[in-house]
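1. Take a look and give me a structure for this.
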Amino acid sequence: MRIVGFVVAGLGLAVLSACSPPHEAAPASAAAADGWTGTYTGGDLKAVITRQADGYGLTLSVSKADHACAGRVATAADSPATVSPDNTILTASVTDALAGDDGQCTVTLTRQGPGMVAEEGGDCTKFHGETCSFNGTLAPAN
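-> Residues are numbered from 1 along each chain as shown. Below you'll find the predicted structure:
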């Protein structure tokens, strides 16, 4: 009797799957479609951009090969990076907790072909030292 029940249930599933519309591929996520998410490198710079609920997470680091300087900025979950309405500029502001608003570093990433140009503003020296900067050209990492 159990075998018959299994066969009937299995047959019912087969009928349902035969009558169901074909499975459609899920639409590409906004993160994949927007062109920002990913890892980018160039010169002494490396940027990692992730999609978050309210914007983007950005970690931008600089490290000179001769160890002359190194540094990093990363957005906080409550202060994500934002994108311009035309989707060409991503802006992130990070504040040095010890310096308060006087220690704000702003990084702007502007699309340039498949990559981007990084420019720092404000007081970013606290994050990377005197001999480095977050300025440069980045390309998608392979």
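
2. Which stretches in the protein count as helices?
-> In chain order, the chain shows helices spanning 2-19, 30-34, 125-128, with DSSP state H as the criterion.

3. looking at those, which one has the lowest mean pLDDT?
-> Note on the helices of the chain: lowest mean pLDDT is at helix 2-19, with a mean of 33.

4. ok, now which ones touch residue 104?
-> 93, 94, 95, 96, 122, 123 (Cβ atoms under 8 Å, 6 or more residues apart in numbering). To be clear about C-beta, it is placed using only N, CA and C from the backbone, and glycine gets the same treatment.

5. which residues does residue 36 contact?
-> 49, 51, 56, 83, 90 are the contacts of residue 36 under Cβ under 8 Å, 6+ apart.

6. Can you give me the distance of the fourth one to residue 123?
-> What that stands for is residue 83. Residue 83 sits 23 Å away from residue 123, going by Cβ to Cβ, to the nearest Å.

7. how about the strands in the chain?
-> Under the criterion DSSP state E, the chain contains strands at 38-42, 45-52, 55-63, 70-74, 82-83, 89-95, 104-112, 115-122, 136-140.

8. For residue 128, find the nearest of those strands.
-> strand 70-74 (2.7 Å; Cβ to Cβ).

9. Which positions in that closest one come out as buried?
-> Residues 71, 73 are the ones in strand 70-74 that count as buried (16 or more other Cβ atoms under 10 Å).

10. what's next to it, contact-wise?
-> Taking Cβ under 8 Å, 6+ apart as the rule, strand 70-74 contacts 57-64, 92, 94, 105, 107, 124, 127-129, 132, 134.

11. what are the phi and psi values for residue 37?
-> phi -70, psi 140 (degrees, to the nearest 10).

12. ChimeraX command for the buried members of the contacts of strand 70-74?
-> Buried members of the contacts of strand 70-74, defined by 16+ other Cβ under 10 Å, are picked up in ChimeraX with:
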select :57,58,60,61,62,92,94,105,107,124,127,128,132,134
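
13. neighbours around residue 86, how many?
-> 7 (other Cβ atoms under 10 Å).

14. ugh, typo on my part, it should be residue 78
-> Neighbours of residue 78 using other Cβ under 10 Å come to 6.

15. what does the one 4 residues further on give?
-> Residues contacting residue 82 under the criterion other Cβ under 10 Å number 14.
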